[in-house]
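S.K.: need coordinates for the below:
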Amino acid sequence: MEQKELYHIKSTVVTIDQSLDQYNDMPLFQEKVDKANEAMRNVDLSEIKKLQSEG
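M.R.: Alright, predicted model coming up:
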């Protein structure tokens, strides 16, 4: 499409670069994921479970 044609179109035109597919299976923020998983392992959920069972 030419620029004049795109100017009159009301919908958004987006093209996705197919070379980005190489990152689909790659964890980009692995350090943050590991830190979050460690925090979740250390959380004591017994108080929350106790409150839910009482309510």
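
S.K.: next SSE after the worst-scoring helix or strand of the chain on mean pLDDT?
M.R.: When the helices and strands of the chain are scored by mean pLDDT, DSSP states H and E, helix 3-8 comes last with a mean of 66. Proceeding N to C from helix 3-8, the next assigned helix or strand is helix 30-42, under DSSP states H and E.

S.K.: where in this structure is pLDDT low?
M.R.: 1-9, 55 (pLDDT under 70).

S.K.: at 80 instead, please
M.R.: Residue ranges of the chain with pLDDT under 80: 1-13, 27, 44-55.

S.K.: for Val14, see how far away Pro27 is.
M.R.: Using Cβ to Cβ, to the nearest Å, Pro27 is found at 25 Å from Val14. No exception for glycine: its C-beta is placed from N, CA and C like everyone else's.

S.K.: looking at these two, which is more packed in?
M.R.: Remark: of Pro27 and Val14, Pro27 carries more neighbours, 10 against 5, as counted by other Cβ atoms under 10 Å.

S.K.: out of everything not next to it in sequence, what's closest to the more buried one?
M.R.: Val33 (6.1 Å; Cβ to Cβ, 6 or more residues apart in numbering).

S.K.: the one you found against Met40, yeah?
M.R.: No. Counting by Cβ atoms under 8 Å, Val33 stays clear of Met40, with 10.6 Å between them.

S.K.: still on that earlier bit, state the number of residues packed around the residue nearest to Pro27.
M.R.: Val33: 11 surrounding residues under other Cβ under 10 Å.

S.K.: going forward can the numbers begin at 50, since that is how I track them
M.R.: Got it, first residue is 50 now, which makes that one Val82.

S.K.: and it, how far is that from Asp74?
M.R.: 14 Å.

S.K.: find the residues that touch each one of those two.
M.R.: Residues touching both Val82 and Asp74 (Cβ atoms under 8 Å, 6 or more residues apart in numbering): none.

S.K.: give the contact list for Gln67.
M.R.: By Cβ under 8 Å, 6+ apart, Gln67 has no neighbours at all.

S.K.: look up how far Asn73 lies from it.
M.R.: 11 Å.
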